[in-house]
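Novice: The following block contains a protein sequence and its predicted model.
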Amino acid sequence: MKTILVTGFEPFGGSAVNPSQQVASAVNGERMSECRVVSQILPVDRIHGPEALLAAIADYHPDAVLCLGEADRRTSISIERIAINLMDYRIPDNLGEQIQDLPILQDGPAAYFSSLPVREIYAAILAAGIPAELSLSAGAFLCNQVFYMGRHSVARQEIPIPLGFIHLPALPEQVALAPAPFASMSYETSLRAIRLALEVIAKTL
């Protein structure tokens with residue numbers, strides 16, 4: 001049976017929850033079109049976050065990898081197309097580091113494209129009545145860094161597995177505590193969207 005690795009992140013930025021952690025944990029152990037799903041929660045720091053992803057790939061030998069993260073100003077499920085070789089943290093990571101204007105890898109490529117079927121994932125989520133978009137920016141925080149390092153690792157090792165990233169909007173309970181309102185999406189809706197994405201990925205393996 002083939003394996004899809006799904007990752008999420010622990011809470012960060014003073015929040016007690018992270019929708020990517022909740023959704024990744026929920027799909028752990030599920031079956032999608034003859035594929036099993038395994039999940040890993042990543043730390044939000046520049047050293048251990050990427051290391052945890054690469055360790056999970058080495059441990060599980062997945063046939064595809066879907067990384068999830070939270071983007072608290074997004075209004076829809078954001079299927080990321082590009083990871084860039086840049087760290088420019090808007091806020092400190094969970095070790096208190098706030099890096100600005102540095103490359104992830106000094107001699108690495110400028111960017112990597114997602115190798116997941118992004119257009120098909122987008123169409124499936126949208127067809128279910130869930131707001132979705134194809135995004136050209138995964139930011140310059142840990143989400144982008146993990147996305148970039150994952151793609152770099154599998155490309156360098158010539159491991160033929162698709163790997164990509166999806167950003168989830170903040171949860172309503174997070175927005176309720178914010179000083180100014182912004183968009184949110186329920187856990188249930190985000191979970192449904194990611195299950196649809198996993199079905200699309202599974203059918204391509």
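Specialist: Structure's in. What do you need? Computed from a prediction, not measured in an experiment: that's the story for all the values here.

Novice: Mind pulling the model confidence for Ala176?
Specialist: You'll see Ala176 listed with a pLDDT of 87.

Novice: Phi, psi for it please.
Specialist: Here is the backbone geometry of Ala176 (degrees, to the nearest 10): phi -60, psi -30.

Novice: Please apply the same query to Ile77.
Specialist: Torsion angles, degrees, to the nearest 10, at Ile77: phi -60, psi 120.

Novice: Spatially central residue for this structure, please.
Specialist: Central residue of the chain (CA atoms, centre = their mean): Leu68, 2.3 Å from the mean position.

Novice: Which helix or which strand is home to the residue lying closest to it once chain neighbours are set aside?
Specialist: In this structure, Leu68 finds its nearest non-sequential neighbour in Ser20, 3.9 Å apart by CB to CB, 6 or more residues apart in numbering. C-beta: built from backbone N, CA, C; applies to glycine. Ser20 belongs to helix 19-27 when assigned by DSSP states H and E.

Novice: Paired strands for the helix or strand following that helix, with orientation please.
Specialist: The first helix or strand that comes after helix 19-27 along the chain, using DSSP H and E, is strand 31-32. In the sheet, strand 31-32 lines up against strand 35-42 (antiparallel) (DSSP bridges).

Novice: Show me the contact partners of the partner strand.
Specialist: Applying CB atoms under 8 Å, 6 or more residues apart in numbering, the contact partners of strand 35-42 are 1-10, 21, 24-25, 27-31, 48-49, 52-53, 56, 60, 62-64, 142, 146, 198, 201-202, 205.

Novice: Among those residues, which are located in helices?
Specialist: Counted as lying in helices by DSSP state H, out of the contacts of strand 35-42, are 21, 24-25, 27, 48-49, 52-53, 56, 60, 142, 146, 198, 201-202.

Novice: Centre of this structure to the edge, which residue is at the far end?
Specialist: Largest centroid distance in the chain under CA atoms, centre = their mean is Pro179 at 26.1 Å.

Novice: Next, the residues that contact stretch 70-82 from outside, please.
Specialist: 9, 13, 18-20, 111-114, 116, 118, 121-122, 125, 130-139, 143, 147, 164-170, 174, 182-183, 185, 190, 193, 197.

Novice: Of the residues you listed, keep whichever come out buried.
Specialist: Buried subset of the contacts of stretch 70-82 (neighbour count, 16 or more other CB atoms under 10 Å): 9, 18-20, 112, 114, 116, 118, 121-122, 125, 130-133, 135, 138-139, 143, 147, 164-170, 174, 185, 190, 193, 197.

Novice: picking up where we left off before, next one: the residue nearest to the centre of the chain from Asp45, what distance?
Specialist: Leu68 sits 17 Å away from Asp45, going by CB to CB, to the nearest Å.

Novice: just Pro62 next, same as before
Specialist: Taking CB to CB, one finds Pro62 at 23 Å from Asp45.

Novice: What of Gln145?
Specialist: From Gln145 to Asp45 the distance is 10 Å (CB to CB).

Novice: Narrow the buried ones among the contacts of stretch 70-82 to those in strands?
Specialist: The strands, defined by DSSP state E, take in 9, 112, 132-133, 135, 164-168 from those.
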